[in-house]
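Trainee: give me a model of this one.
(3 chains)
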Amino acid sequence: MNSQKKTLKRTIGTICSHSAAQIFHGAKKEGFKTLGLITEERLPFYSSLERGSPEEFLVVENWKEILTEKIQEKLLEKRTILIPHGSFVAYLGANNVLDMDVPLLGNKRSLKWEADRKKERKWLKKAGINVPKEVKAPEKIQEACLVKFPGAKGGEDYFLAHSPKEFREKIGERTEYTIQEYIQGNRYYPHYFYSRIKKRLEILGMDRRDEANVDESFRFPTEKKTFVVVGNTPLVARESLLPKFYKLGENLVEASRELFNGLSGPFCIETVVKDNLEVVAFEISGRIVAGTNLYPKGSPYSVYYFDKPVSTGRRIAMEVKEAIEKNRLNEVIS
Amino acid sequence: MNSQKKTLKRTIGTICSHSAAQIFHGAKKEGFKTLGLITEERLPFYSSLERGSPEEFLVVENWKEILTEKIQEKLLEKRTILIPHGSFVAYLGANNVLDMDVPLLGNKRSLKWEADRKKERKWLKKAGINVPKEVKAPEKIQEACLVKFPGAKGGEDYFLAHSPKEFREKIGERTEYTIQEYIQGNRYYPHYFYSRIKKRLEILGMDRRDEANVDESFRFPTEKKTFVVVGNTPLVARESLLPKFYKLGENLVEASRELFNGLSGPFCIETVVKDNLEVVAFEISGRIVAGTNLYPKGSPYSVYYFDKPVSTGRRIAMEVKEAIEKNRLNEVIS
Amino acid sequence: MNSQKKTLKRTIGTICSHSAAQIFHGAKKEGFKTLGLITEERLPFYSSLERGSPEEFLVVENWKEILTEKIQEKLLEKRTILIPHGSFVAYLGANNVLDMDVPLLGNKRSLKWEADRKKERKWLKKAGINVPKEVKAPEKIQEACLVKFPGAKGGEDYFLAHSPKEFREKIGERTEYTIQEYIQGNRYYPHYFYSRIKKRLEILGMDRRDEANVDESFRFPTEKKTFVVVGNTPLVARESLLPKFYKLGENLVEASRELFNGLSGPFCIETVVKDNLEVVAFEISGRIVAGTNLYPKGSPYSVYYFDKPVSTGRRIAMEVKEAIEKNRLNEVIS
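Mentor: Sure thing, here's the model as predicted:
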């Protein structure tokens, strides 16, 4: 059986959110069947996307329905490979995702390591990547520190404290918080792809998140700054930073091998570049990030690897295809 | 006569400003003759654009000359379809544009509805789209309100007031103003195209306006914030917002059918996305917007509709061409 | 000998930094051999770039080694044309670059004129381009003035003064400074290319620099604003500004002919656009700028000149190639 036929027997699927249009678009370009898990009210938009819509929709009433036997069996029947993205984990829960029988792109365990703050920190440290220092207790605050709160809406109340006194004045009634060194600088989020098939790390793009309301807060006085991601803006880093970013990526891949059998596929390191050109990482995403949506036709970086327009979504499909052709699919899914 | 010949008998023309290079570029790609209305001092730049210049320039001494019989007859003789853009209306006046015999792309009446603040508000409300609340009198100010002044330079003095007292302190001698709820959030301007031929609404791109000096006002202390559009920056919205944006567009098209025989072609809804992911609209542009100039080779969204690079300028030409081929031109011009 | 053969006898080389990937990518597209001057630690990144890496690396221990006879002879032997970029001058020193026997793209003397603040100002004035007014002495400060300090880290302490009194309060112990009119507005950096072969000025792109920490300084209170370039963001200017930008470029080329035998190839004018749409220039780059890295596949402007994806790096290679074919290479190198 030739490779094209083998590819055509697999379906690439995901939840219609986050970076789904890009994933479907890329999968279709590479000749895969595509399947979208969707709720009713999103159908008009996704249906309209001639080239960014899946060939088949599975309509669910709520996202958790995806975990039912009925849907899971349909996915297995169509030999679906699911592409996990940010909403994927948020909608289904990391543990539920890990328990599914339907294969997922990449190493599932990276989802667990990115979702748990302590694991994430361990991973970054193992890779020798600079992270903001943690301050164990309010009395130890000696320089500008960022005080963070847990939970999805936690971003709303983040504040800066420069001393124990300032901390006590601002903390109010709250008892759950983390205090860390405040890193002043500019945000750069490089999009990586680690190909196990090619044994090659690629920088496929870069973005900055657009957060409401903080990123437009300078236009008018703001009551309270909030940090809810509403979109992404494109940028490139000064070229002398790229070897540094590349090294960070390589180190993270290397560390993942020691910690959990290794990364595979797309990931991102959320960093701040300081004015002394030092790079400090504050987060890892162990899967495709939404910033890649800026580049469905390829980015200012992907052009240095491929002559055709390659998004991260398409890169995923290319990797799966090559893995199938070489009978190495088990290395790129889990 | 075959369709290609029919297309070639039509000329696509516009004023050399705003988004003209994109319009000419797109029209040439689709095989149309092109004509640019221009003033002398702009010739060096537009002439230099091998693929963004029209085949023929009509040089005028001032923009109003376009309304003279001489120019109008030339345009009719060449069977010109004029593409209205922002400068078009600004240079000629909305009523003069409406009175021309030379056909315009789209439904002329959308220019009238977008230009009149009250009509625009009625249109948005009919579409069920959230708009900032209006405050009828200064004494009714209870939360952050934006106080605006009429006229082109009005943007310069916009101020925020949180109470009647603050309003009185800041208003000075001015007696003409509007007061509206201040919406804190980030600006997202989706570029729509409604194809009457395909009966399909498309999101072809997205941008944010770059306003001098407010959008660089954080770099150094600013004497007074001003809001003059000097350019555009690209961005994408988080994907879960796209079904919402799509619905807004559909509702606006539907409302336009009830109010004035319907939109046709490009339009834009200027919105603010709040940190609770609510979308509030504060303006409509019933024609091509300058933000589309970011995407002459297509945008991160157009790629989901077309396999070739399609700008809004080219999309216009594609629609006109298809309409001619199907003998339905009267549906897309007016 | 046919032209393709002649082209193939030349090598395009540069230092692996700044805009090198783009330069190599473009040169390879046009059929040139390519050579990268590099230090060990940058090899992993540049080697990984299938299409953005040079065919050959010359590894040096430090950048100054490039000036040794050994390296210079290798470059001459391979008939290398070196492409000067920002790091090029910064790493080697402007005078050393001017003394090399290896030919450089463009007119070397533009590097001298851009590097010397007084020459640069003379050049801009000769071209009739608006520049910020200089204030000769602190007592003459009458409006918002920017006080600048010399040296690479000078940006860190820039401050605004509105009066002699404010100046005295802020200047501290420092005795070396320049005072200039502060221009409030938004930064626009058009990327020009002047082709001596085609006798045509092109606007190939536009960007804004992303400076740490000032350009993210609004997110949290900043101890001190700093102005270190860490990347670039894309934008387009409102189209009615383009004829102005084009004129600035033409005037600068014309003035360069009178001052030093003329510009050739890529250059940039760093400008601020004020809210009255006046354009004020504060710097010239007489060579490729890093902002062009946003557009390795072409920009929203290059599309109006070329039907294929043309970056500034590729445009350079196209110019050299055409010059070789027409036996006019001496006009585009020096």
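Trainee: what about the residue in the stretch 201-334 of chain A that chain C sits nearest to, how many residues nearby?
Mentor: Distances between the stretch 201-334 of chain A and chain C by CB to the nearest CB are smallest at A:Tyr304, namely 3.1 Å. Using the backbone N, CA and C atoms, a C-beta is placed for each residue, glycine as well. Residues within reach of A:Tyr304, counting by other CB atoms under 10 Å in any protein chain shown, total 23.
Trainee: for the closest residue to A:Ala27 other than its chain neighbours, name its beta-bridge partners.
Mentor: Using CB to CB, 6 or more residues apart in numbering or on different chains and skipping residues adjacent in sequence, the residue nearest A:Ala27 is A:Ile12, 3.9 Å away. Beta-bridge partners of A:Ile12, counted by DSSP bridges, are A:Thr34, A:Ile81.
Trainee: roughly how far apart are A:Ile12 and A:Glu56?
Mentor: Counting by CB to CB, to the nearest Å, the gap from A:Ile12 to A:Glu56 is 11 Å.
Trainee: any residues in contact with both of these two?
Mentor: A:33-35 (CB atoms under 8 Å, 6 or more residues apart in numbering or on different chains).
Trainee: quick one, strands of chain A?
Mentor: Using DSSP state E, the strands of chain A run over A:11-15, A:33-39, A:56-60, A:80-82, A:134-135, A:145-148, A:159-161, A:178-181, A:186-195, A:200-213, A:227-234, A:236-237, A:265-273, A:279-285.
Trainee: can you redo the ones you listed as CSV with mean neighbour count and mean pLDDT?
Mentor: Formatted as CSV, the strands of chain A follow (neighbours: other CB atoms under 10 Å in any protein chain shown; pLDDT from 0 to 100):
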stretch, mean neighbour count, mean pLDDT
strand A:11-15, 25, 98
strand A:33-39, 22, 98
strand A:56-60, 16, 98
strand A:80-82, 23, 98
strand A:134-135, 16, 94
strand A:145-148, 20, 90
strand A:159-161, 18, 88
strand A:178-181, 17, 92
strand A:186-195, 24, 98
strand A:200-213, 23, 97
strand A:227-234, 22, 96
strand A:236-237, 26, 98
strand A:265-273, 25, 98
strand A:279-285, 20, 95
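Trainee: surely the residue nearest to A:Ala27 and A:Val320 touch.
Mentor: Yes - with contact defined as CB atoms under 8 Å, A:Ile12 counts as touching A:Val320 (7.1 Å).
Trainee: give me the common contacts of the two.
Mentor: A:32, A:81.
Trainee: distance of the residue of chain A found nearest chain B from B:Gly265?
Mentor: Using CB to the nearest CB, the closest approach of chain A to chain B is made by A:Gly52 at 3.1 Å. To B:Gly265, A:Gly52 is 22 Å away according to CB to CB.
Trainee: repeat that for A:Ala90.
Mentor: 38 Å.
Trainee: returning to that earlier point: tell me the contacts of the residue nearest to A:Ala27?
Mentor: A:23-24, A:27, A:32-35, A:80-81, A:83, A:316-317, A:320.
Trainee: give me the pLDDT value at the closest residue to A:Leu242 other than its chain neighbours.
Mentor: Spatial nearest neighbour of A:Leu242, chain neighbours left out: C:Phe45 (5.6 Å); criterion: CB to CB, 6+ apart. pLDDT, C:Phe45: 98.
Trainee: surely A:Glu55 touches A:Thr34?
Mentor: Yes - in this structure, A:Glu55 is within contact of A:Thr34 by CB under 8 Å, at 5.2 Å.
Trainee: give me the common contacts of the two.
Mentor: Joint contacts of A:Glu55 and A:Thr34 (CB under 8 Å, 6+ apart) are A:Lys28.
Trainee: lowest average confidence, helix or strand, in chain A?
Mentor: helix A:3-8 (a mean of 60; mean pLDDT, DSSP states H and E).
Trainee: circling back: number of nearby residues for the residue nearest to A:Leu242?
Mentor: C:Phe45, neighbours per other CB under 10 Å, totals 24.
Trainee: give me every residue that touches it.
Mentor: Per CB under 8 Å, 6+ apart, neighbours of C:Phe45: A:242-243, A:246-247.
Trainee: which non-adjacent residue is nearest A:Gly13?
Mentor: Counting by CB to CB, 6+ apart, the residue nearest A:Gly13 is A:Leu35, at 3.8 Å.
Trainee: pull the contacting residues for the one you found.
Mentor: Counting by CB under 8 Å, 6+ apart, A:Leu35 has contacts A:11-13, A:54-58, A:75, A:78, A:80.
Trainee: export the residues you listed to TSV and tack on distance to A:Met206?
Mentor: Formatted as TSV, the contacts of A:Leu35 follow (distance: CB to CB, whole Å):
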residue	distance to A:Met206
A:Thr11	31
A:Ile12	25
A:Gly13	28
A:Pro54	28
A:Glu55	31
A:Glu56	33
A:Phe57	32
A:Leu58	33
A:Leu75	33
A:Lys78	35
A:Thr80	31
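Trainee: and those, which is closest to chain C?
Mentor: Among those, and counting by CB to the nearest CB, the member closest to chain C is A:Ile12, at 24.7 Å.
Trainee: returning to that earlier point: now do the residue of chain A closest to chain B, the pLDDT please.
Mentor: 97.
Trainee: in the sheet, who's paired with the residue lying closest to A:Arg187 once chain neighbours are set aside?
Mentor: Spatial nearest neighbour of A:Arg187, chain neighbours left out: A:Arg208 (5.0 Å); criterion: CB to CB, 6+ apart. For A:Arg208, the beta-bridge partners under DSSP bridges are A:Thr233.
Trainee: re the thing from before, possible to save the shared contacts of A:Ile12 and A:Glu56 as JSON lines with distance to A:Ser19?
Mentor: Converted to JSON lines, the shared contacts of A:Ile12 and A:Glu56 look like this (distance: CB to CB, whole Å):
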{"residue": "A:Lys33", "distance to A:Ser19": "19"}
{"residue": "A:Thr34", "distance to A:Ser19": "14"}
{"residue": "A:Leu35", "distance to A:Ser19": "15"}
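Trainee: who in the stretch 1-150 of chain A is up against chain C?
Mentor: Taking CB under 8 Å from any CB of the partner chain as the test, the list of the stretch 1-150 of chain A residues beside chain C reads A:144, A:146.
Trainee: now do the helices in the stretch 1-150 of chain A.
Mentor: In the stretch 1-150 of chain A, the helices defined using DSSP state H, counting those that start in this stretch lie at A:3-8, A:20-29, A:43-48, A:69-77, A:86-92, A:94-99, A:109-115, A:117-126.
Trainee: and the stretch 201-334 of chain A, by the same measure?
Mentor: Under DSSP H, counting those that start in this stretch, the stretch 201-334 of chain A gives helices at A:242-260, A:312-325.
Trainee: from the rest of the structure, what touches the shortest one?
Mentor: Among residues not part of helix A:312-325, those counted as contacts by CB under 8 Å, 6+ apart are A:3, A:6-7, A:10, A:12, A:19, A:22-27, A:29-32, A:81, A:83, A:105, A:191, A:193, A:195-198, A:202, A:204-205, A:265-266, A:288, A:292, A:295-296, A:302, A:310, A:329, A:331-333.
Trainee: can you select the buried ones from these in PyMOL?
Mentor: Remark: buried members of the contacts of helix A:312-325, expressed as a PyMOL selection using 16 or more other CB atoms under 10 Å in any protein chain shown:
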select buried, chain A and resi 7+10+12+19+22+23+24+25+26+27+29+30+32+81+83+105+191+193+195+196+197+202+204+205+265+266+288+292+295+296+302+310+329+332+333
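Trainee: quickly compare the helices of the stretch 1-150 of chain A and say which is most buried.
Mentor: helix A:20-29 (a mean of 27; mean count of other CB atoms under 10 Å in any protein chain shown).
Trainee: pLDDT of it, averaged?
Mentor: pLDDT averaged over helix A:20-29 gives 98.
Trainee: grab the CA positions of stretch A:119-134 and hand them over as CSV.
Mentor: In CSV, the C-alpha atoms belonging to stretch A:119-134 read as follows (Å, rounded to 0.1, in the frame of the first residue of the first chain):
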residue,chain,number,x,y,z
LYS,A,119,6.4,20.5,37.4
GLU,A,120,6.7,23.3,34.9
ARG,A,121,9.2,25.1,37.1
LYS,A,122,11.2,21.9,37.7
TRP,A,123,11.3,21.4,33.9
LEU,A,124,12.6,24.9,33.2
LYS,A,125,15.2,24.6,36.0
LYS,A,126,16.4,21.2,34.7
ALA,A,127,16.8,22.9,31.3
GLY,A,128,19.0,25.5,32.9
ILE,A,129,16.6,28.3,31.8
ASN,A,130,16.3,31.5,33.8
VAL,A,131,13.0,31.9,35.6
PRO,A,132,11.8,34.6,38.0
LYS,A,133,13.0,34.1,41.5
GLU,A,134,10.4,32.9,44.0
